[in-house]
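> this is a predicted model, with the sequence first.
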Amino acid sequence: MPLDRRKFLKKSAVTGAGVALAGTAAPAARAAEAEEAQQPGRPAKRYSLTVMGTTDLHGHVFNWDYFKDAEYVDKAGNALGLSRISTLVNEIREEKGHCNTLLIDAGDTIQGTPLTYYYARVDPITAEGGPVHPMAQAMNAIGYDAVAIGNHEFNYGIETLRKFESQCDFPLLGANALDAKTQLPAFPPYFMKTFRVPGARPVKVAVLGLTNPGIAIWDKAYVQGKLTFPGLEEQAAKWVPKLRSMGADVVIVSAHSGASGTSSWGDQLPYVENSAANVARQVPGIDAILVGHAHVEIPELKVVNEQTGKTVVLSEPLCYAERLTLFDIELVFAKGRWEVESVSASLRNSNSVADDPKITKLLTDEHEAVVKYVNQVVGRATETLTTVEARYKDAPIIDLITKVQEDVVKAAMAGTEYAALPVIAQASPFSRTSEIPAGEVTIRDLSSLYVYDNTLVAKLMTGAQVRAYLEYSAEYYVQTAAGAPVDVDKMTNANGRPDYNYDYVSGFRYDIDIAQPAGSRIKNLTYAGAALDDAQQFVLAVNNYRANGGGAFPYVASAKELWSESTEIRTRIAEWVTAKGVLDPKDFASVDWRLTRDGTPVF
């Protein structure tokens, strides 16, 4: 889908601020420059600009935890939500002058909470006469100028993203999201805004939007053959000089990419995932970068450009609208042009302000509809199920996930040439705090168990491949000698591997001997009471993230795909519980694996 130039030009125009896409200075501005040039003793003109930024909002409008059905609280005392951000933005605009500020975001907007799920799937914005997305409503009301697209923007498919885009009063930027056929930008690459300065030439500010190349893997099912995602450094090097040639006095990059210079654990990406600092270091002409994607807090990071020696200032506000970044930029008019004299970054905290009543009034109805939805009772649990020990003990609550996935894929295989093959399933302990309480089970209980919008895929695997898969998964554990003290807080996450990259695989029995080195830990692996036959074939029910290569588990990404669907695994779990009526571990739980040390059980 090539770039619609007319739409791009329309969205790059700013009411009351002029259009700053190309061309020369206005006659009045040129006259002011000439006057200044004739009076060398006159004090230099100066201008102060403040660029505000958020990132990784993930559908958080209010300071509310839909999974707990209560106001959000955490140990650090943080608050979250765009309603708080709106109050902070209003304060900054009052303090700095609305005409001297810009508000941008670095992506991951329309996925992450039951609120965003509801308006993507339950009452979808894509339906004929459907609603306006709550995030579009809130961000329009707050007055965002431009937003970079994040990888999670693609989780519900391109149609949902395009509909959201059409509902926004600001452009969604993605210079490195290219049409697969034309290799032209599929989204506006940049946004430019003109700021008038009395008695001097206007200041032109360009915002270049860059997104994450991992989209090609993580949402392969939606983007393959349609969009490509080259590296951030490459596209920044292409676009920044163009923006400067178009008269940009200030160049800001809004990058859905962390600053660490690394990629997520295990992901085999063709480009560096968290490359914001690399962009600052390698591409000249950038003044500041709003960093996103990594969900870390960076008040201010200074990176020296290798070609120019100029310092580029980076900042990443904490995710979920918990922080607001401020780039304070000082410019001076010298030798007929504006020059950036200094850039500093700081953060404002959402917990220091109250909700903006305007946003509360605007979205109370949508919020209440989602609260009602997630509190629907879908069944009854005979006992409490938790993930507290799921990292190191075979927990029934994870068995629930694999059981649901097995049942869905078995039904999908019925009547196919693979119907007689055994179905196995993988699942990960995403959360350490998820709980399904005894008694009534609601949608929010099940949603907290499976927090990601993953969908199911069926892959054809051999016994040998499953064995290798399990060995790779077992690298999650720190090697621990027999007889050494057992500390559950230190025995997992070896080499930084996150919990979501540790998999159970159902249908087998096996020991994980953590006294052994990685690669030789799977012991006593059996299927149906006998030693596993390496040649036997299985159908693996696997989430789309893993199926596409997420976590770099061996063989699964290249394995033959037999089936896939667009319904979220979370929804399948809710359907399964609803059909059963009673959530009883005897219907899904079994102890299939255990940790050992030199053959002796750890627990």
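Everything's here; your move.
> list the buried ones in stretch 168-188?
Under the neighbour-count criterion of 16 or more other CB atoms under 10 Å, stretch 168-188 has 168, 170-179, 185-188 buried. C-beta: built from backbone N, CA, C; applies to glycine.
> filter those residues down to just the ones in strands.
Leu172, Leu173, Leu178, Asp179 (DSSP state E).
> and those residues, which is closest to Val577?
Relative to Val577, the closest of these is Leu172; by CB to CB it sits at 36.4 Å.
> how far away is that closest one from Leu562?
35 Å (CB to CB, to the nearest Å).
> do a quick rundown of the helices in the stretch 1-150 of the chain.
Taking DSSP state H, counting those that start in this stretch, the helices of the stretch 1-150 of the chain run over residues 5-12, 27-38, 82-96, 114-117, 134-142.
> residues of the longest one that come out buried?
Pointing back at helix 82-96 there. Those would be Leu82, Ser83, Arg84, Ile85, Ser86, Thr87, Leu88, Val89, Asn90, Ile92, Arg93, Lys96, for helix 82-96 by 16+ other CB under 10 Å.
> which other helices and strands does it contact?
strand 46-54, strand 101-105, helix 134-142, strand 323-334, strand 337-349, helix 357-374 (3 or more CB pairs under 8 Å, 6 or more residues apart in numbering; DSSP states H and E).
> centre of the chain to the fifth one, how far?
Averaged C-alpha coordinates place strand 337-349 at 27 Å from its chain's average position (CA atoms, centre = their mean, to the nearest Å).
> partner strands of it and their direction?
Partners of strand 337-349 in the sheet, by DSSP bridges, are strand 323-334 (antiparallel).
> one more: the first one?
Neighbouring strands of strand 46-54 in its sheet, by DSSP bridges, are strand 101-105 (parallel), strand 323-334 (antiparallel).
> taking the mean pLDDT, what do you get for it?
For strand 46-54, mean pLDDT rounds to 98.
> hey, C-alpha coordinates of it in PDB?
Only the C-alpha atoms of strand 46-54 are listed here, as PDB (Å, rounded to 0.1, in the frame of the first residue of the first chain):
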ATOM      1  CA  ARG A  46      16.400  33.300  20.400                       C
ATOM      2  CA  TYR A  47      13.600  30.800  20.600                       C
ATOM      3  CA  SER A  48      12.600  28.200  23.200                       C
ATOM      4  CA  LEU A  49      10.800  25.000  22.100                       C
ATOM      5  CA  THR A  50       9.500  22.200  24.200                       C
ATOM      6  CA  VAL A  51       8.800  18.800  22.700                       C
ATOM      7  CA  MET A  52       6.700  16.500  24.900                       C
ATOM      8  CA  GLY A  53       6.700  12.800  24.400                       C
ATOM      9  CA  THR A  54       5.000   9.500  25.500                       C
END
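> who touches that strand?
82, 85, 89, 92, 96, 100-106, 195, 197, 200, 203, 205, 250, 252, 254, 288, 290, 315, 317, 321, 323-333, 338, 341 (CB atoms under 8 Å, 6 or more residues apart in numbering).
> Tyr418: which of the strands paired with strand 46-54 is closest?
For Tyr418, the closest of the strands paired with strand 46-54 is strand 101-105, at 44.5 Å, according to CB to CB.
> list the buried residues for that closest one?
Neighbour-count burial for strand 101-105 [16+ other CB under 10 Å]: Thr101, Leu102, Leu103, Ile104, Asp105.
> test my guess that Val207 contacts Met192.
Yes - applying CB atoms under 8 Å, one finds Val207 in contact with Met192, separated by 7.4 Å.
> secondary structure class of Val488, three-state.
In three-state terms, and counting by DSSP: H, G, I helix; E, B strand; the rest coil, Val488 is coil.
> mind checking how far it is from Thr596?
Distance, Val488 to Thr596, by CB to CB: 15 Å.
> can you tell me the element the residue nearest to Val203 when sequence neighbours are not counted falls in?
Take Val203 and drop its neighbours on the chain: the residue closest to it by CB to CB, 6 or more residues apart in numbering is Phe195, 4.4 Å away. Per DSSP states H and E, Phe195 falls inside strand 190-197.
> next SSE after that strand?
Per DSSP H and E, the first helix or strand lying C-terminal to strand 190-197 is strand 200-210.
> what's next to the following helix or strand past that following strand, contact-wise?
Going down the chain from strand 200-210, the next helix or strand is helix 215-218, by DSSP H and E. Applying CB under 8 Å, 6+ apart, the contact partners of helix 215-218 are 151, 154, 177, 223-224, 227-229, 267-270, 545, 548-550.
> return a PyMOL selection command for the buried portion of those.
Those of the contacts of helix 215-218 that count as buried under 16+ other CB under 10 Å are selected in PyMOL with:
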select buried, resi 151+154+177+223+227+228+229+267+269+545+548+549+550
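> inside helices: which ones of the contacts of helix 215-218?
Val223, Tyr545 (DSSP state H).
> between the contacts of helix 215-218, which is closest to Met413?
Of all those, the one with the least separation from Met413 (CB to CB) is Asn548, at 20.5 Å.
> can you name the residues that contact that closest one?
Contacts of Asn548 (CB under 8 Å, 6+ apart): Ile217, Trp218, Asp219, Lys220, Ala221, Ala557.
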